[in-house]
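*Asks:* What follows is a predicted structure for the sequence shown.
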Amino acid sequence: MKRPKEWYLERGDGYEMFTMPEFLAWHVAHRVEHERQRHVGDDVINGLRVLTQFLFLDCGGQPGRPLLYETRVLEGTIGELACRRYCSRAQAIAGHAEFVSQVRRGELDAARRGGGA
């Protein structure tokens, strides 16, 4: 039998696991806090959007180290140019800053022109 996916909420420097029904009940009761937790960083530079969010769901981590954060670099007509996932908010903040720096330096321009990242 397939194990149900766990959903996560930030708690201090860590996270807490929930089943989907528990998570949905929390979300309905705490919608504003849910959106606050989700947002890590969002910058638009030279036509590219660098967006970092808390995902609430493990997106491929190893047991005991869920990947709960994601930074994506998006361009309107092309879509996603880059993506990286993280285990902690601190890693996500650092990763967001790294992508912002890369965009400011023009390091993702090859991907915008179709030449790969």
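*Replies:* Okay, I see it. Numbers count the residues shown, from 1 in each chain.

*Asks:* Show me where this structure has its strands.
*Replies:* 7-11, 14-18, 39-45, 48-54, 69-75, 79-86 (DSSP state E).

*Asks:* what about the longest helix in the chain?
*Replies:* Secondary structure assigned by DSSP state H gives helix 89-104 as the longest helix of the chain.

*Asks:* Next, the contact list for the residue nearest the centre of the chain, please.
*Replies:* Taking CA atoms, centre = their mean, the centroid of the chain lies closest to Glu70, which sits 2.2 Å from it. Going by CB atoms under 8 Å, 6 or more residues apart in numbering, Glu70 touches Thr52, Gln53, Leu55, Cys59, Cys83, Arg84, Arg85, Tyr86, Ala92. Where C-beta positions appear, they are placed from N, C-alpha and C, glycine not excepted.

*Asks:* Max pairwise distance over the residues you listed: which two?
*Replies:* Within the contacts of Glu70, two members stand farthest from each other by CB to CB: Thr52 and Cys59, at 13.4 Å.

*Asks:* Please identify which of these two sits among more neighbours.
*Replies:* Neighbours were counted for Thr52 and for Cys59 using other CB atoms under 10 Å; Thr52 has more, 24 against 13.

*Asks:* From what I see, the more buried one and Leu68 are in contact.
*Replies:* No: assessed by CB atoms under 8 Å, Thr52 is found out of contact with Leu68, at 11.6 Å.

*Asks:* about what we covered before: want to try TSV for the strands of the chain, with distance to Val103 and mean pLDDT as columns?
*Replies:* Below are the strands of the chain laid out as TSV (distance: least, CB to CB, whole Å; pLDDT from 0 to 100):
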stretch	distance to Val103	mean pLDDT
strand 7-11	26	76
strand 14-18	28	76
strand 39-45	5	93
strand 48-54	5	93
strand 69-75	7	94
strand 79-86	9	92
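
*Asks:* Take the ones you listed and write them to a markdown table, including distance to Ser101.
*Replies:* Listed next are the strands of the chain as a markdown table, based on distance: least, CB to CB, whole Å:
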| stretch | distance to Ser101 |
| --- | --- |
| strand 7-11 | 25 |
| strand 14-18 | 27 |
| strand 39-45 | 10 |
| strand 48-54 | 10 |
| strand 69-75 | 12 |
| strand 79-86 | 13 |
